[in-house]
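Visitor: sequence? don't have it. structure:
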């Protein structure tokens, strides 16, 4: 009886801990849109980005709140579905929503400049380096599934929260280190980012095969194999989206610009001539 009471209290705390920030994030994002859209000198914020942000945040919430989160405590396949949503698909959708760009548009000039300088700090540049972000993302998963950490996270509430926060943040840093959706001060070449991405894909794929052959501690073989297959093929599906966007940006950057494009980008120079 006491164990059931403690479990219920833990679930309630987890729901509140993750649920309140989810509602705040969506509310602040929409509020920022309403603010920036009132400024006549700025273009209206794209509605696709709004949908992308809301979908990403809700998918992340699905992995930590509700039926899937409850089932993931006893079903490794459900846990792996949550991993794909929280660590791969949700970060991609949130990154495509360009929340930092929206924040910079919403702030006044002085505050926006201070934030821009903050984003150029060495610490920020370190964690958004493609190699560092890859180690945090893929390396964290290897640590989770090849040690006793997976078992420990289901018995320690704070560790459970920390692991889920890490999965999302690491996935987001990995995504923005490869896709330059928002302005960045330290750009790496497409060739470099592609090589890092291929190595990260290999690390993710090898881990899924490792889980298939050597289940994490306390996970039944059948569940481990089902979860590993979901990790392998589901991860590939999300990675295909990331590959498509990365290569689309690469193509657009290398495409010869027409005279009309140059005129649109530099109308003052065109008028002066």
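Guide: Structure received. Treat the numbers as computed from the prediction; the structure is a model and nothing was measured.

Visitor: Tally up the residues packed near residue 232, please.
Guide: The tally of other residues near residue 232 (other CB atoms under 10 Å) stands at 18. For glycine as for every other residue, the C-beta is placed from the backbone atoms N, C-alpha and C.

Visitor: Just list the residues touching it, thanks.
Guide: 205, 208-209, 212 (CB atoms under 8 Å, 6 or more residues apart in numbering).

Visitor: Could you single out the nearest of those to residue 241?
Guide: Nearest to residue 241 among the contacts of residue 232: residue 205, at 16.4 Å, using CB to CB.

Visitor: Could you say which of the contacts of residue 232 is surrounded by the most neighbours?
Guide: Neighbour tally across the contacts of residue 232 (other CB under 10 Å): the maximum, 22 neighbours, falls on residue 208.

Visitor: Quick check: that residue touching residue 231?
Guide: Yes. With contact defined as CB atoms under 8 Å, residue 208 counts as touching residue 231 (4.2 Å).

Visitor: In terms of helices and strands, where is the residue most central in space within the chain?
Guide: By CA atoms, centre = their mean, the chain has its centre lying nearest to residue 91, at 1.8 Å. Using DSSP states H and E, residue 91 maps to helix 90-96.

Visitor: What are the contacting residues of that helix?
Guide: Counting by CB under 8 Å, 6+ apart, 49, 52-53, 55-57, 59-60, 63, 168, 171-172, 174-176, 179, 181, 238, 241-242, 245 sit against helix 90-96.

Visitor: count of neighbours near the residue lying closest to residue 18 once chain neighbours are set aside?
Guide: Ranked by CB to CB, 6 or more residues apart in numbering and with sequence neighbours excluded, the top spatial neighbour of residue 18 is residue 64, at 4.5 Å. Residue 64: 24 surrounding residues under other CB under 10 Å.

Visitor: Report the separation between residue 64 and residue 88.
Guide: 15 Å (CB to CB, to the nearest Å).

Visitor: do the same with residue 54
Guide: As for residue 54, its distance to residue 88 is 18 Å (criterion: CB to CB).

Visitor: higher neighbour count, those two?
Guide: Each of residue 54 and residue 88 has its neighbours counted (other CB under 10 Å); residue 88 has more, 26 against 17.

Visitor: For the more buried one, which residues are in contact?
Guide: Counting by CB under 8 Å, 6+ apart, residue 88 touches 171, 235, 238-239.

Visitor: most surrounded residue in these?
Guide: Of all those, residue 171 has the most neighbours under the rule other CB under 10 Å, reaching 29 neighbours.

Visitor: Secondary structure class of that one, three-state.
Guide: helix (DSSP: H, G, I helix; E, B strand; the rest coil).

Visitor: In strands, which of the contacts of helix 90-96 appear?
Guide: Residues of those located in strands (DSSP state E): none.

Visitor: List only buried entries from those.
Guide: Among those, the ones that count as buried by 16 or more other CB atoms under 10 Å are 49, 52-53, 55-57, 59-60, 63, 168, 171-172, 174-176, 179, 181, 238, 242, 245.

Visitor: Okay, and which of those map to helices?
Guide: Per DSSP state H, helices hold the following members of the buried ones among the contacts of helix 90-96: 49, 52-53, 55-57, 59-60, 63, 168, 171-172, 174-176, 238, 242, 245.

Visitor: Mind jotting down where the helices sit in the stretch 51-200 of the chain?
Guide: 67-71, 76-84, 90-96, 99-106, 109-119, 122-127, 130-134, 140-146, 149-153, 157-178, 190-213 (DSSP state H, counting those that start in this stretch).

Visitor: Only the buried residues of the first one, if you could.
Guide: So that's helix 67-71. Residues 68-69 are the ones in helix 67-71 that count as buried (16+ other CB under 10 Å).
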